[in-house]
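> okay, here's the prediction I keep looking at, along with the sequence it came from:
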Amino acid sequence: MAEFNAFFERLRGRIASKDTVVSVGLDADLDRIPEHLRAADLPRWAFNRRIIDATHEYAACYKPNAAFYEDADGWRALRETVAYAHGKDVPVLLDAKRGDIGNTARKYAELLDHVDAITANPYMGRDSLEPFLSTDDKGVFVLCRTSNPGGADLQDLELASGEPLYRRVAALADAWNGRGNVGLVVGATVPEELETLREAVPDLPFLVPGVGAQGGDAEAAVEYGLADGVGLVNSSRGIIFAGEDAGENFAKASGQAAKRLRDRLNRHR
Ligand SMILES: O=C(O)c1cc(=O)[nH]c(=O)n1[C@@H]1O[C@H](COP(=O)(O)O)[C@@H](O)[C@H]1O
């Protein structure tokens, strides 16, 4: 049985009460926000509020990617978005992929004061993630085997032992999981790796991005993504821009897309 900290227990509760493992990716690209919202004070916040209203019943969590908010107005929009999601009782996983020397990581980890979990990059090793790992009540999703085509360039390299690097990352993340606060990021575009990783680290929940716009395998994502029933399958553009051509009714299409993904994933849980 996996031992989970407060974040993963809360996520487990959300997954059970709403019967969903869908992570709704709030990648609020200003260039794709509907025309009628662009004059708002904070267009990304206006957009996200409507998306959250339409999707929260189907959301196990929201995953804003920091890349879409890294400017002055963006951080304001993100703060409003996080508060609104919390008001709907939905946890927020900030996709920031951080990791740096200890002194810098310590500052990055202050992001966790505002959100419930974060994605982290293990390339710089244990001390670069320590400030995230040492929190008791937050979640840390460590990049393991990513969904992009270049994910193979480094992550698939074979070590002298014959195991690929991503397997070593999984083993390290498992060893770093003393507080029950660690998950892995594994792409839906690599279903075989999902399967072998689930066997290798049965207790770690996965965040599985890459279904929807990237064309990943939703069935494999849910079949192998969950540890003891806990895990997340993310779609960003496939949900939030589902109503791109629907003008002022855009959010309704997002709600339908989130519900469709929830139902599809639930058939395989
Ligand atoms: O860490 C992530 O969430 C992530 C890891 C990965 O391997 N692949 C991946 O697509 N992501 C993120 O997941 C989201 C996927 O977006 P869509 O392709 O629009 O569903 C983006 O925010 C990506 O940055």
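Cool, got the structure. Numbering: from 1, shown residues only.

> which residue ranges of this structure form helices?
For the chain, applying DSSP state H gives helices covering 6-18, 43-55, 72-87, 102-108, 126-133, 151-155, 165-175, 191-200, 218-225, 237-240, 250-266.

> for the ones you listed, which one sits closest to the ligand?
With Cβ to the nearest ligand atom, the closest approach to the ligand among the helices of the chain belongs to helix 237-240: 3.3 Å. All C-beta spots, glycine's among them, are computed from the backbone N, C-alpha and C.

> residues in contact with that closest one?
For helix 237-240, the surrounding residues in contact (Cβ atoms under 8 Å, 6 or more residues apart in numbering) are 24-28, 47, 51, 55, 211-213, 254, 257-258, 261.

> for those residues, pick the one with the most neighbours.
Tallying neighbours with other Cβ atoms under 10 Å puts residue 24 at the head of the contacts of helix 237-240, with 32 neighbours.

> what does this protein put close to the ligand?
By Cβ under 6 Å from any ligand atom, the residues of the chain that approach the ligand are 25, 27, 65, 95, 119, 146-148, 185, 187, 209-210, 212-214, 234-238.

> could you rerun that using 5 Å?
Residues of the chain lying close to the ligand by Cβ under 5 Å from any ligand atom are 25, 27, 65, 95, 119, 146-147, 185, 187, 209, 212-214, 235-237.

> quick one, what contacts the residue of the stretch 1-150 of the chain at minimum distance from the ligand?
The ligand sits closest to residue 146 of the stretch 1-150 of the chain, with a gap of 3.1 Å, by Cβ to the nearest ligand atom. Contact analysis of residue 146 by Cβ under 8 Å, 6+ apart lists 155, 185, 187.

> which residues touch the second one?
The one in question is residue 185. Neighbouring residues of residue 185 by Cβ under 8 Å, 6+ apart: 119, 141, 142, 143, 144, 145, 146, 206, 207, 208, 209.

> between these, which has the most around it?
Neighbour counts for those (other Cβ under 10 Å) peak at residue 208, which has 32 neighbours.

> so what sits opposite that residue in the bridge?
When bridges are called by DSSP bridges, residue 208 pairs up with residue 233.

> hang on, isn't residue 256 packed against residue 242?
Yes: using Cβ atoms under 8 Å, residue 256 makes contact with residue 242 at a distance of 7.0 Å.

> more neighbours, these two?
The neighbour comparison of residue 256 against residue 242 (other Cβ under 10 Å) goes to residue 242, with 25 against 16.

> quick check, pLDDT for that one.
Reading off the confidence values, residue 242 has pLDDT 98.

> before we move on, what about the one 3 residues further on?
We note a pLDDT of 92 for residue 245 in this prediction.

> next, count neighbours for it.
10.

> among the contacts of residue 185, name the ones in strands.
Mapping those onto strands (DSSP state E) picks out 119, 141, 142, 143, 144, 145, 206, 207, 208.

> with pLDDT added, can I get these in CSV?
Output for the ones in strands among the contacts of residue 185, formatted as CSV (pLDDT from 0 to 100):
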residue, pLDDT
119, 98
141, 98
142, 99
143, 98
144, 98
145, 98
206, 98
207, 98
208, 98
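
> is it possible to export those residues to a markdown table including distance to residue 130?
Converted to a markdown table, those look like this (distance: Cβ to Cβ, whole Å):
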| residue | distance to residue 130 |
| --- | --- |
| 119 | 16 |
| 141 | 16 |
| 142 | 12 |
| 143 | 16 |
| 144 | 18 |
| 145 | 23 |
| 206 | 22 |
| 207 | 20 |
| 208 | 26 |
